[in-house]
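Participant: sequence and predicted structure are below.
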Amino acid sequence: MNEHSIRRVVIVGGGTAGWMAAAAFARFLNNGYTQVTLVESDEIGTVGVGEATIPPIINFNQMLGLDENAFLAATAGTFKLGIEFVNWGAIGERYFHPFGTYGHDLQGIHFHQLWLREKARRPIADISAWSMSAMAAQHGTFGRANEDARSPVRELFYAFHFDASLYARYLRDYAEKAGIVRVEGKIATVNQRPDDGYVEAVTLEDGRRVEGDLFIDCSGFRGLLIEETLHTGYESYAHWLPCDRAVAVPCALPRPGEPDPFTRSTAHQAGWQWRIPLQHRMGNGLVYCSDYLDDDAAEAQLLASLEAEPLADPRRIRFTAGRRRDCWNRNVVALGLSSGFIEPLESTSIHLVQAGIQRLLALFPDKRFDPAERDEFNRQMHDLYEDVRDFIILHYKATRRDDSPFWDKVRTMEIPDSLQRKIDLFAGKGRLFREGYDLFTSPSWVAVCLGQGIVPKSWEPAADALDEQKVAVALEQMRRGYLDTAQRLPTHGDFLRRTAPSPLAAPAPAPAPTPKDDVPFFSFTAESPFDVGGGGSPL
């Protein structure tokens, strides 16, 4: 510690974002001199409908040292292997965006390039047949790989569904045990230094004053500090992402004890509907554009589509897709809804909180607030938001639907140049290039592009150098390995009951036969037609 060290961090707002930040600070600012205080009011509700995540959440939980089974039990969580998309390319079509990779690259040639070549020459299965996560999702099974496991179980990448309010409560308990101080109360005024506008304190309705050096704004859409106080400004994405409303309601599980290990997104006339299975209930919501569907009709449509009885009254949410012009302004850093919002079509909301926390810790300031650190944080968050924005826009642009004014609008709209370049390169020869802080890797772009009808005209010429017969043998060996393993894994519900049962969990169905312990693995031997490279990103 020196005279410039941050001594007081104040988090304004709780919820998922606030308590994620508090838990991370409890773990990484436990230095003997930095005190972290979280201010929230029980009278102020949270949005709290985001229940699906992407694989990097595993890294965040591990960073905190959380036990995965205990976390799942406490949050009524389930495993998520990807997202099933229904009616997006055209009405009646569906595809699966799995976590993990497709197959294995052969002699440096990306797998999807070989699949494209083979598909042009002969009948071949959908590319999802070469994804371990997709195959397990299709069969409703799940398993974890042991450290010494061979492919394909090691390729079973996953994330979680969980109750966001229970996750916040779980992290609150973690943070308070580690010394984070929670102050209950409503903020009445924000006090700024007269010389430079930096926030120096927040004053509560009862007159208490909470002073700080660094403030974290987790106050939700209003952005109490970042916007209402500092007037940072907001960059709207509404001209590309016109949905501006959501209505959410939980219902009972249609199959108690056997939740699906995936999220489902179903496109409707003026938006889309999410379906997220937890251990104790199903999360449902409709995201829509108010220019084409009014609130009462949206609520009626959602309630009519439920698979079981609703467990609460519907909640309505208004938003404008976009981000703050700067997520870090003066001595205020915005996280969660305070920093921006992109509809949760690919379950990125909680990840954007996580990304902000990790970048703040990597660029943690002192009281001098070096502009270079602030600018780098803002640049990285700007790039991340734009990457997520482009990937979400892809889902709307890459459609053949012309059945409503909404789909006509998004199908024919102009899109960012950054996205158009990616589409053009993929449509030509299936080429994909990662750059900057891209969150979604090549397999994710392959899944959505192919799933929604962007089929490349050709493939990489280098793929033609590989022997056709040997490629066919290798692909078939991979396909059978994924399928056989998926069929032999425990059911998702059975796996949860064995490892992470929640006290809130729905009752189990009648006992099923115990799966065999000798789940087969497959590996490539010296007799395989090609050397195979494994690994890959979870997205």
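Facilitator: Arrived safely.

Participant: got the buried residues for the longest helix seen in the chain?
Facilitator: In the chain, assigned by DSSP state H, the helix with the most residues is helix 371-397. Using 16 or more other C-beta atoms under 10 Å as the burial criterion, the residues of helix 371-397 that qualify are 373-374, 377-378, 380-382, 384-397. Yep, even glycine has a C-beta here, placed from its N, CA and C like the rest.

Participant: kindly report the same for stretch 219-236.
Facilitator: 219-220, 223-227, 229-230, 232.

Participant: and the residues you listed as JSON lines, adding pLDDT, secondary structure and distance to Ile6?
Facilitator: Below are these laid out as JSON lines (pLDDT from 0 to 100; DSSP: H, G, I helix; E, B strand; the rest coil; distance: C-beta to C-beta, whole Å):
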{"residue": "Ser219", "pLDDT": "97", "secondary structure": "coil", "distance to Ile6": "20"}
{"residue": "Gly220", "pLDDT": "95", "secondary structure": "helix", "distance to Ile6": "24"}
{"residue": "Gly223", "pLDDT": "97", "secondary structure": "coil", "distance to Ile6": "22"}
{"residue": "Leu224", "pLDDT": "98", "secondary structure": "helix", "distance to Ile6": "21"}
{"residue": "Leu225", "pLDDT": "98", "secondary structure": "helix", "distance to Ile6": "16"}
{"residue": "Ile226", "pLDDT": "98", "secondary structure": "helix", "distance to Ile6": "18"}
{"residue": "Glu227", "pLDDT": "98", "secondary structure": "helix", "distance to Ile6": "23"}
{"residue": "Thr229", "pLDDT": "98", "secondary structure": "helix", "distance to Ile6": "19"}
{"residue": "Leu230", "pLDDT": "98", "secondary structure": "coil", "distance to Ile6": "19"}
{"residue": "Thr232", "pLDDT": "98", "secondary structure": "coil", "distance to Ile6": "21"}
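
Participant: just the helices in this protein please.
Facilitator: Along the chain, counting by DSSP H, helices occupy 15-28, 56-64, 68-74, 111-121, 132-139, 164-177, 295-305, 349-362, 371-397, 405-412, 417-429, 442-451, 468-488, 492-499.

Participant: can you pull the buried residues of the third one?
Facilitator: Within helix 68-74, the residues scored as buried using 16+ other C-beta under 10 Å are 68, 71-74.

Participant: ditto for the second one
Facilitator: Of the residues in helix 56-64, those with enough neighbours to count as buried (16+ other C-beta under 10 Å) are 56-58, 60-61, 63-64.

Participant: relative to helix 15-28, how tilted is it?
Facilitator: Using axes from the mean of the first three to the mean of the last three C-alpha atoms, to 10 degrees, the direction of helix 56-64 lies 40 degrees away from that of helix 15-28.

Participant: please apply the same query to the last one.
Facilitator: What separates the directions of helix 492-499 and helix 15-28 is an angle of 40 degrees, with the same axes, to 10 degrees.

Participant: how about the CA coordinates for helix 492-499, as PDB?
Facilitator: Extracted in PDB, the C-alpha atoms of helix 492-499 (Å, rounded to 0.1, in the frame of the first residue of the first chain):
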ATOM      1  CA  HIS A 492     -29.000 -35.200 -17.600                       C
ATOM      2  CA  GLY A 493     -31.500 -35.500 -14.700                       C
ATOM      3  CA  ASP A 494     -29.800 -38.600 -13.300                       C
ATOM      4  CA  PHE A 495     -26.400 -37.000 -13.400                       C
ATOM      5  CA  LEU A 496     -27.800 -34.000 -11.400                       C
ATOM      6  CA  ARG A 497     -29.500 -36.200  -8.900                       C
ATOM      7  CA  ARG A 498     -26.200 -38.000  -8.300                       C
ATOM      8  CA  THR A 499     -24.000 -35.000  -8.100                       C
END
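
Participant: quick check: angle from that helix to helix 132-139?
Facilitator: Angle between the axes of helix 492-499 and helix 132-139 is 110 degrees (criterion: the same axes, to 10 degrees).

Participant: and the contacts of helix 492-499?
Facilitator: For helix 492-499, the surrounding residues in contact (C-beta atoms under 8 Å, 6 or more residues apart in numbering) are 69, 72, 78-79, 140-143, 257-261, 279, 489-490, 505, 508-509, 512, 515.

Participant: now do stretch 146-159, average pLDDT.
Facilitator: In this model, stretch 146-159 carries a mean pLDDT of 85.

Participant: try stretch 363-381
Facilitator: Rounded mean pLDDT across stretch 363-381 is 98.

Participant: pull the distance from that stretch to the chain's centre.
Facilitator: From the chain centre to the centre of stretch 363-381 is a distance of 25 Å (C-alpha atoms, centre = their mean, to the nearest Å).

Participant: just the C-alphas of it, formatted as CSV.
Facilitator: Provided in CSV are the C-alpha atoms of stretch 363-381 (Å, rounded to 0.1, in the frame of the first residue of the first chain):
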residue,chain,number,x,y,z
LEU,A,363,-6.4,-2.7,-15.0
PHE,A,364,-7.1,-1.9,-11.4
PRO,A,365,-6.3,1.8,-10.8
ASP,A,366,-5.0,3.8,-7.9
LYS,A,367,-6.3,7.2,-6.8
ARG,A,368,-4.6,9.0,-9.7
PHE,A,369,-6.8,7.1,-12.2
ASP,A,370,-4.3,6.9,-15.1
PRO,A,371,-6.2,7.8,-18.3
ALA,A,372,-4.3,5.1,-20.1
GLU,A,373,-5.8,2.4,-17.9
ARG,A,374,-9.3,3.8,-18.2
ASP,A,375,-9.0,4.2,-22.0
GLU,A,376,-7.8,0.6,-22.4
PHE,A,377,-10.7,-0.7,-20.3
ASN,A,378,-13.2,1.2,-22.4
ARG,A,379,-11.6,0.1,-25.7
GLN,A,380,-11.7,-3.6,-24.7
MET,A,381,-15.3,-3.4,-23.5
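
Participant: any chance of the buried residues of stretch 219-236 in CSV, with distance to Lys470 too?
Facilitator: What follows is the buried residues of stretch 219-236, written out as CSV (distance: C-beta to C-beta, whole Å):
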residue, distance to Lys470
Ser219, 59
Gly220, 56
Gly223, 58
Leu224, 62
Leu225, 61
Ile226, 57
Glu227, 59
Thr229, 65
Leu230, 62
Thr232, 58
